[in-house]
Every structure is written in C-alpha cells, then in structure tokens.
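Engineer: with the input below, show me the fold.
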Amino acid sequence: MDGVQARLLALVAIGGAVGSVARYAVAGVVTRGDFPWGTFTVNLVGSFSLGLLFFLFLQTGYSSPELRTVLFIGFFGGFTTMSAFSLETVSLLVEAQWALATANVFLNTGLCVFGALLGRAAGLALGGA
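Structural biologist: A predicted model of the protein is given here:
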C-alpha cells in the first residue's frame, strides 16, 4: 500500500468512526416506542444528505478525492449504508436502467431481510435453541 492509499484508508476510518457515533447519537435521541424510528431516521437523513452532497458536488465540481472518501465512504458508510443503496438506485433510475433499479430494490430489501432471517435461524440452531 502506498502513501496515498494509506491516507485514503485513514480518512475512511476517521469518517466511519464519526458516522457511527453520529448514528448512535441520532438513533438514541429519536427512538421511541416499538417502531425502529432511529434506524428509519438515520436512513432517511443519510439518504437525503448523500444525494444532496453527491449531486451538488457533481454540479459545482467542488470536491476532492479526499473529501469524497471521508464523506461518502467513511461518514455515510458509518452513518447508514442505506444511503449508498439509495444513491445507487437513483443513479440507475437517472440512467433509465429500470430493470436494474427494480432488481436492486427487491434484492437489497427482500433478499437481505431473508438473509437476516436465515442468520437468525443459524444463530439459534448453533446456540442450541
């Protein structure tokens, strides 16, 4: 790994740490009752914010590889991966790749929830329940 890659990796780590702490703080403030409002809030705020910054930077040309790395991969990756999923889906829609956008939505929501169910079953089976 060269110096540039090491620097970008450090930026991902720093941004990810800050994003994870922000996620914890927001979720702690917002979560009330039985519905996971904290997760919903960080997913919504993260998706909006990533879309805003990504397309603002694209229009204005204002960004550097370091800024994109620390924000888009680091911070938003730690804050919510839903934002990356949302931005990728929007990009597919903007490119009129309807089938891929639809597949992305159904695969990431349906199959990932199914994966979590399978993981639950495996964890319970391994734990002897």
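
Engineer: wait, L92 sits on N104?
Structural biologist: Yes: using Cβ atoms under 8 Å, L92 makes contact with N104 at a distance of 6.2 Å. Just so you know, the C-beta spots here come from the backbone N, C-alpha and C atoms, and that holds for glycine as well.

Engineer: residues in contact with the residue positioned nearest the centre of the chain?
Structural biologist: Centroid-nearest residue in the chain: T81, 1.5 Å away (criterion: Cα atoms, centre = their mean). Shown in contact with T81 (Cβ atoms under 8 Å, 6 or more residues apart in numbering): no residues.

Engineer: pull up the gap between it and V45, please.
Structural biologist: Distance, T81 to V45, by Cβ to Cβ, to the nearest Å: 14 Å.

Engineer: M82 now?
Structural biologist: Distance from M82 to V45, by Cβ to Cβ: 10 Å.
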